[in-house]
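[1] Here is my input; please provide its structure:
(one chain, ligands or ions: 2)
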Amino acid sequence: MLGEKILQMLQEEISKTEYERYITNLAYDEQNSKADEAIYIAPNIFIANWVKAKYRHKIAKLFKLQTGLDMSIQILAKKGYVENNGAKEQYPDLPANSSTKINPTYTFENFIVGSSNQFAYTASLSVAENPGKAYNPLFIYGGAGLGKTHLLHAIGNFNIKKNRIVIYTTIEQFLNDFTYHLRNETLEQFREKYRQCDILLIDDIQFLSGKERTQEEFFHTFNELHGHNKQIVLTSDQHPKKIAGLEERLKSRFEWGLIADIQLPELETKIAIIKKKCELDGIYLDNEVINYIAANMDSNIREIEGVILKLNAYSSLVGQRIDLSLAKNVLSEMQKEQQKNVSLKDIVDIVSAELNIKPSEIKSKSRNRQIVNARRIVIYLARTLTPNSMPALAQFFGMKDHTSVSHAMKKVKEMMQQNEEFKLKINELAYKIKNLTCE
Ligand code: ADP
Ligand code: MG
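    Ligands and ions are numbered 1, 2, ... in the order given. Just a heads-up that it's a prediction; the model follows:
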């Protein structure tokens, strides 16, 4: 069979150890593969992720050589086959938010609650328990990787168990669906589908921005469901008021129910989340390593998970225990990688937008207190988030020499030590910069 033959052909391209450790563990899923899609099943999520990262493109290339087709290659973890409403669902190949499937591990039980997400968690739970009755719509917003999609799926999972009809969709999917039915003149079918659900979960609503036709259709869907007391839950990276390019009538509807935000998690919450993920994925990490990751990584939980998976894959590949030095290496490698993506212009733009001053003022000679303060912050962030040296930064900001940069750094560090609120603001800015530039 071709699917198996391709794997054998991989032997020529990778080392024997890699082949034996990863490739021989894959099974070709003949039953579910299609002419343009090959599905392989890995024994667990780590091997699946590893194969995806390392060999998927090689597999695709071999298929192309053999068939001339650009096939989609899926690597799924074995335990991921779940029965959902009698239909076979595949999970977890795609990240939750890029598919319309509900991830069965994103439950309330698996969600760690801390003060940063307590409000959003409680609101989600009460909506899950009383759909259409508690708050409608529920609007959850917060930065990337802080658990919005997880909560949305948790509401979904909770209600699937109660045999309620749940639709989870991204804006992109909603748009595709709509366009498809529009083209086929089957809009009635489209509307019927949404009308029939009990709970509509829409992720990343900010992507509605500027899409007028979709907004129009979504407006009707919203009214229809809301009018029939069907629960609507929305997520976004920002408060509805702040989403640019969104019709006022939608913004005001999003504020009808309850708006709940998720803040950056504190250290203890991060530690608890890491422990939970390790427990779920069967990974063992020393407390020392867990504390190190929590203290040194940014608040994006998705990235923290990425590090855990990477550590685990690396350790199984080279047969080395996951210890502090391995963790330090992997983290610093990742941070270097991230630094390459952040530009000084991004930092200037983001900080000046947040602090309400003009980007040009940052580089000016103005001694206005607010501007001096913003300039210091920019310099501090530039030094910590980019690989630029102090002399290089002095040159960029038109300063005499590196002593001015070093003075600004010292000042910001002092202020961070003295003022908790200032420190939080700096961390939030750093988080914004990294997430805006890395996504
Ligand atoms: P968002 O949609 O806000 O970008 P996700 O919901 O996709 O973020 O979360 C990213 C990852 O972090 C997911 O794997 C999710 O399970 C995990 N995560 C985030 N917050 C928590 C939490 N409080 N407890 C457990 N896992 C969490
Ligand atoms: Mg999400």
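
[2] per the record, what domains does the chain have?
    2-90, 118-262, 267-338, 344-438 (automatic domain parsing).

[3] Now mean neighbour count and mean pLDDT too, for those, in TSV please.
    Just so you know, the C-beta spots here come from the backbone N, C-alpha and C atoms, and that holds for glycine as well. As requested, those are arranged in TSV below (neighbours: other Cβ atoms under 10 Å; pLDDT from 0 to 100):
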stretch	mean neighbour count	mean pLDDT
domain 2-90	16	79
domain 118-262	18	93
domain 267-338	16	89
domain 344-438	16	90
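
[4] As CSV, those with distance to residue 101 would be great.
    CSV is the format used below for the domains of the chain (distance: least, Cβ to Cβ, whole Å):
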stretch, distance to residue 101
domain 2-90, 6
domain 118-262, 7
domain 267-338, 18
domain 344-438, 25
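
[5] Any chance of TSV for the ones you listed, columns distance to ligand 2?
    Below are the domains of the chain laid out as TSV (distance: least, Cβ to the ion, whole Å):
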stretch	distance to ligand 2
domain 2-90	18
domain 118-262	3
domain 267-338	8
domain 344-438	12
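
[6] how much space between the residue lying closest to residue 117 once chain neighbours are set aside and residue 130?
    Nearest residue to residue 117 in three dimensions, chain neighbours excluded: residue 262, at 4.8 Å (Cβ to Cβ, 6 or more residues apart in numbering). Distance, residue 262 to residue 130, using Cβ to Cβ, to the nearest Å: 21 Å.

[7] List the contacts of whichever residue of the stretch 51-200 of the chain sits closest to ligand 1.
    Residue nearest to ligand 1 within the stretch 51-200 of the chain (Cβ to the nearest ligand atom): residue 147, separated by 2.8 Å. If a contact means Cβ atoms under 8 Å, 6 or more residues apart in numbering, then residue 147 has 111, 117, 120, 262, 301 as its contacts.

[8] please redo it, this time with the cut-off set to 10 Å
    Shown in contact with residue 147 (Cβ atoms under 10 Å, 6 or more residues apart in numbering): 106, 111-113, 116-117, 120-121, 124, 140, 154, 235, 262, 265, 273, 301-302.

[9] likewise residue 409?
    Residue 409 neighbours (Cβ under 10 Å, 6+ apart): 376, 379, 380, 382, 383, 384, 390, 393.

[10] Assign a three-state SS to the fifth one, would you?
    Put plainly, it is residue 383. Assigned by DSSP: H, G, I helix; E, B strand; the rest coil, the conformation of residue 383 is helix.

[11] Tell me the first helix or strand C-terminal of the host helix or strand of residue 304.
    Using DSSP states H and E, residue 304 sits within helix 301-318. The first helix or strand that comes after helix 301-318 along the chain, using DSSP H and E, is helix 324-341.

[12] any residues touching that next one, and which ones?
    285-286, 288-293, 296-298, 303, 306-308, 310-311, 313-315, 318, 320, 322, 384-388, 433-434, 437-439.

[13] Now do it and helix 301-318, the angle between them.
    Relative orientation of helix 324-341 versus helix 301-318 (axes from the mean of the first three to the mean of the last three Cα atoms, to 10 degrees): 130 degrees.

[14] For the stretch 1-150 of the chain, which segments are assigned as helices?
    Ranges of helices in the stretch 1-150 of the chain, per DSSP state H, counting those that start in this stretch, are 2-10, 16-21, 45-67, 118-129, 148-160.

[15] How about the residues of the stretch 251-400 of the chain by ligand 1?
    The stretch 251-400 of the chain comes close to ligand 1 at residues 273, 276, 301, 302, 305, as judged by Cβ under 6 Å from any ligand atom.

[16] farthest-separated two in these?
    Spanning the widest gap among those are 276 and 302, at 14.2 Å by Cβ to Cβ.

[17] Next up, phi/psi of the most centrally placed residue in the chain, please.
    Taking Cα atoms, centre = their mean, the centroid of the chain lies closest to residue 145, which sits 4.2 Å from it. Dihedral pair for residue 145: phi 70, psi 20, per degrees, to the nearest 10.

[18] Assess the claim that it and residue 270 are in contact.
    No - under the criterion of Cβ atoms under 10 Å, residue 145 is not in contact with residue 270, lying 11.4 Å apart.

[19] Need the residues touching each of those two.
    Common neighbours of residue 145 and residue 270 (Cβ under 10 Å, 6+ apart) are 298, 299, 301, 304.

[20] What is the nearest of these to residue 251?
    For these, the nearest to residue 251 is residue 299 (27.1 Å; Cβ to Cβ).

[21] Show the contacting residues for the nearest residue to the closest one once chain neighbours are set aside.
    Counting by Cβ to Cβ, 6+ apart, residue 264 is the residue found nearest to residue 299 once chain neighbours are left out, at 4.1 Å. Shown in contact with residue 264 (Cβ under 10 Å, 6+ apart): 116-117, 142-143, 146, 270, 298-300, 424, 427-428, 431.

[22] I figured residue 56 hits residue 74, correct?
    Yes - between residue 56 and residue 74 there is a contact at 8.9 Å, judged by Cβ under 10 Å.

[23] Can you pull the residues that touch both of these two?
    Residues within reach of residue 56 and of residue 74 at once, by Cβ under 10 Å, 6+ apart, are residue 40.

[24] tell me the SS of residue 201?
    strand.

[25] Leaving out chain neighbours, which residue sits closest to it?
    Computed as Cβ to Cβ, 6+ apart, the closest residue to residue 201 that is not its neighbour in sequence is residue 168, at 4.4 Å.

[26] Also residue 283?
    Computed as Cβ to Cβ, 6+ apart, the closest residue to residue 283 that is not its neighbour in sequence is residue 312, at 5.0 Å.

[27] Next: residue 285.
    Nearest one to residue 285, counting by Cβ to Cβ, 6+ apart, is residue 278 at 5.4 Å.
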